[in-house]
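J.: coords please:
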Amino acid sequence: MTTYLDFDIDGLEPADDQTEDQWRDTWGSDYQLLARHDIGERTFVVAFDSSATWREARNLPNIATFDVQRDQAQGTFTMDSSAHANVAFAQKWLVDRGCPPEATRVHNPFKPADDLTTRVEEQIHRSGDRYALIEVMAADENPDQAWTMATDKQATELPVRVFVEQTQPGQGTYTVREGAFADYTAAEDWQEEQDTPLPEPPEYHRNALRTRAALARSTTAPAAVTVAAVLASAPAAAAVAQPDRGRSL
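T.: Next up, the predicted model:
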């Protein structure tokens, strides 16, 4: 697979002002292609944006997604793009626009460190319109960490959620964790200091209690209840196919 970013738009003109603005701001040499899928004259892309590390603004997200549609008859193309800090949210963005989940598999050597990481990513993939994004960042001072802040529309308490992705380069793995906060200020304060553990969402505890109760009613000896098991037992927002994070080269 080539790593060069090419949308096959030679000889075509932007169809509207938004496309023209986005195309002018997109330099192919700044991006490393992670995944591409073509459906006819439509192209879906996930790419790493290397320019995010040297731009004047700090903590810019460095995962980019593109949805490009070509109209050869009209000689035009349209482009929509978005920046992400977590690959799971990037995959969700493409799937929401019609890209097959299996086609969003990214080529990268890191693998999920544990079952909880896989469960949290699956929760993001199947979330539908559950999360309203507030902020996405990749930490300049800690290049192995990135986070997405969002409002959880289904939360009855602590509705501001922070999804922290931490890479462990020495182990070739990464983790994704979800934290819960009362408001933006509380979430921002935690991000700035990170001197306490990321606070788990309260529904983790409630679901764990229900799981323990169900185990207690069973005829077999109860097993230890983990957060991953709690997420696995939680109802899905929608029954949809899940993208494969795909951490192989």
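J.: Tabulate the CA atom coordinates of the helix or strand where Met79 lies in CSV.
T.: Using DSSP states H and E, the element containing Met79 is strand 76-84. What follows is strand 76-84, C-alpha atoms only, in CSV (Å, rounded to 0.1, in the frame of the first residue of the first chain):
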residue,chain,number,x,y,z
THR,A,76,-15.6,18.8,-10.4
PHE,A,77,-15.0,17.3,-7.0
THR,A,78,-16.2,17.8,-3.4
MET,A,79,-14.2,17.3,-0.3
ASP,A,80,-15.1,17.0,3.4
SER,A,81,-12.5,16.4,6.1
SER,A,82,-12.2,16.3,9.8
ALA,A,83,-9.4,16.1,12.4
HIS,A,84,-9.3,13.6,15.2
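J.: what's around Asn62, how many residues?
T.: 22 (other CB atoms under 10 Å). For every residue, glycine as well, the C-beta is placed using N, CA and C.
J.: Grab the nearest non-local neighbour of it.
T.: Nearest residue to Asn62, sequence neighbours excluded (CB to CB, 6 or more residues apart in numbering): Ala52, at 3.9 Å.
J.: Distance of the residue sitting nearest the centre point of the chain relative to Asp96?
T.: The chain has Phe89 as the residue nearest its centroid, 2.2 Å off, counting by CA atoms, centre = their mean. The gap separating Phe89 from Asp96 is 10 Å, by CB to CB, to the nearest Å.
J.: Around Ser29, how many other residues sit close by?
T.: Residues lying near Ser29 (other CB under 10 Å) number 9.
J.: Assign it to helix, strand or coil.
T.: helix (DSSP: H, G, I helix; E, B strand; the rest coil).
J.: Report the contact partners of Phe82.
T.: For the record, residue 82 is Ser, not Phe. Ala64, Thr65, Ala90, Trp93 (CB atoms under 8 Å, 6 or more residues apart in numbering).
J.: if you set the cut-off to 10 Å instead, what comes out?
T.: 61, 63-67, 89-90, 93-94, 97, 133, 136 (CB atoms under 10 Å, 6 or more residues apart in numbering).
J.: Show me the strands in the protein, by range?
T.: With DSSP state E, the ranges of strands along the chain come out as 13-14, 31-39, 42-49, 63-71, 76-84, 111-112, 131-138, 145-152, 160-168, 173-181.
J.: Quick check: which of those is nearest to Arg105?
T.: strand 31-39 (6.1 Å; CB to CB).
J.: which parts of the closest one are buried?
T.: For strand 31-39, the buried set under the neighbour-count rule, 16 or more other CB atoms under 10 Å, comprises Tyr31, Gln32, Leu33, Leu34, Ala35, Arg36, His37.
J.: between the residues you listed, which is nearest Thr104?
T.: Checking the buried residues of strand 31-39 one by one against Thr104 (CB to CB), the nearest turns out to be Ala35, at 5.8 Å.
J.: Report the beta-bridge partner residues of the closest one.
T.: Val46 (DSSP bridges).
J.: quick one on the thing from earlier: what sits in contact with each of Phe89 and Asp96?
T.: Contacts common to Phe89 and Asp96, judged by CB under 10 Å, 6+ apart, are Ser127.
J.: Would you check that the residue nearest to the centre of the chain makes contact with Pro61?
T.: Yes. Counting by CB atoms under 10 Å, Pro61 is a contact partner of Phe89 at 9.3 Å.
J.: Between these two, which contacts overlap?
T.: The contact lists of Phe89 and Pro61 share Ser82, Ala83, Val136, Thr148, where a contact means CB under 10 Å, 6+ apart.
J.: And these, which is the shakiest by pLDDT?
T.: Among those, Val136 carries the weakest pLDDT, at 90.
J.: Buried only: go through the contacts of Ser82 for me.
T.: Buried among these by 16+ other CB under 10 Å: Pro61, Ile63, Ala64, Thr65, Phe66, Asp67, Phe89, Ala90, Trp93, Leu94, Val136.
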